[in-house]
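Novice: coords below, sequence missing:
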C-alpha cells in the first residue's frame with residue numbers, strides 16, 4: 001500500500017513547542033530547506049505544503065516565504081507567497097542579507113540564544129532549525145557569543 005504524501009510528510013517532522021513550526025527531519029535541499037521526492041520531482045517541503053494546503057499552483061516565479069524565518073518549517077500557517085522582491089525585502093528586514101564573507105547575518109533573539117544554550121540536540125540540527133551556521137551554535141554553547149540584540153551582525157567573539 002502506497003502512503004499518501006501527507007503521511008510521508010508527517011512521518012518525518014516534529015512540532016517545535018516554542019514556535020509551532022512543523023520542522024522537517026528528513027533530507028535537505030540546498031543544505032537548508034526540507035526536501036522530498038513526489039511524483040518524480042524533488043520538492044522543497046515548504047513549497048509542497050503550499051501546494052497541498054494553500055492552493056498554491058507551484059508557479060516558479062512565485063516564492064513561498066516563511067513568516068517564521070525557519071527554512072525547515074512547513075506549517076501552512078507560517079507560509080505565504082510573494083515575489084522575489086518580497087523575499088529580498090524579508091531578508092533585509094530580518095537582517096539576513098549576505099555580508100562580505102558570504103555568511104548570513106541573521107539575528108537571533110535573546111530567547112533563541114537561551115534556547116540554543118540549553119538545547120541538547122546536535123550542532124547541525126540546531127543550525128538547521130535556526131538557519132545559522134553550526135559555528136554560531138558552537139560559539140553560543142561555549143558562551144563566546146553575546147546576546148544577538150547587542151550584536152545584530154553576529155560578529156562578536
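Specialist: That came in fine, so what should we check first? Quantities reported herein were computed from a predicted structural model and do not represent experimental measurements. Numbers count the residues shown, from 1 in each chain.
Novice: ranges for the strands of this structure?
Specialist: Per DSSP state E, the chain has strands spanning 13-15, 22-24, 28-29, 33-38, 41-44, 63-66, 79-82. These are given in chain order.
Novice: could you save the ones you listed as CSV and add columns showing mean pLDDT and mean neighbour count?
Specialist: (C-beta placed from N, C-alpha, C; glycine too.) Below are these laid out as CSV (pLDDT from 0 to 100; neighbours: other Cβ atoms under 10 Å):
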stretch, mean pLDDT, mean neighbour count
strand 13-15, 96, 14
strand 22-24, 96, 24
strand 28-29, 88, 16
strand 33-38, 94, 18
strand 41-44, 94, 14
strand 63-66, 94, 20
strand 79-82, 94, 16
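Novice: can I get the ones you listed in CSV including distance to residue 136?
Specialist: Listed next are those as CSV, based on distance: least, Cβ to Cβ, whole Å:
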stretch, distance to residue 136
strand 13-15, 21
strand 22-24, 18
strand 28-29, 17
strand 33-38, 18
strand 41-44, 23
strand 63-66, 19
strand 79-82, 25
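Novice: and these: which comes nearest residue 138?
Specialist: For the strands of the chain, distance to residue 138 was read as Cβ to Cβ. The smallest value, 19.3 Å, belongs to strand 28-29.
Novice: that closest one pairs with which strands, and in what direction?
Specialist: Taking DSSP bridges as the criterion, strand 28-29 pairs within the sheet with strand 33-38 (antiparallel).
Novice: okay, now the unreliable bits of the chain?
Specialist: Under the criterion pLDDT under 70, the flagged ranges of the chain are 1-2, 97-107, 145-157.
Novice: per-domain residue ranges of it.
Specialist: Taking automatic domain parsing as the reference, the chain has its domains at 1-94, 104-157.
Novice: and the strands of the chain: which comes nearest residue 95?
Specialist: In this view, the strands of the chain are compared for proximity to residue 95 by Cβ to Cβ, and strand 63-66 is the closest at 14.7 Å.
Novice: so which elements touch that closest one?
Specialist: Counting contacts by 3 or more Cβ pairs under 8 Å, 6 or more residues apart in numbering; DSSP states H and E, strand 63-66 is packed against helix 45-53, strand 79-82, helix 84-93.
Novice: strand partners (parallel or antiparallel) of the shortest one?
Specialist: It stands for strand 79-82. Paired strands of strand 79-82, defined by DSSP bridges, are strand 63-66 (antiparallel).
Novice: out of everything not next to it in sequence, what's closest to the residue nearest the centre of the chain?
Specialist: Most central in the chain under Cα atoms, centre = their mean is residue 71, positioned 1.9 Å from the mean C-alpha point. Once flanking residues are discounted, residue 71 sits nearest to residue 32: 4.4 Å by Cβ to Cβ, 6 or more residues apart in numbering.
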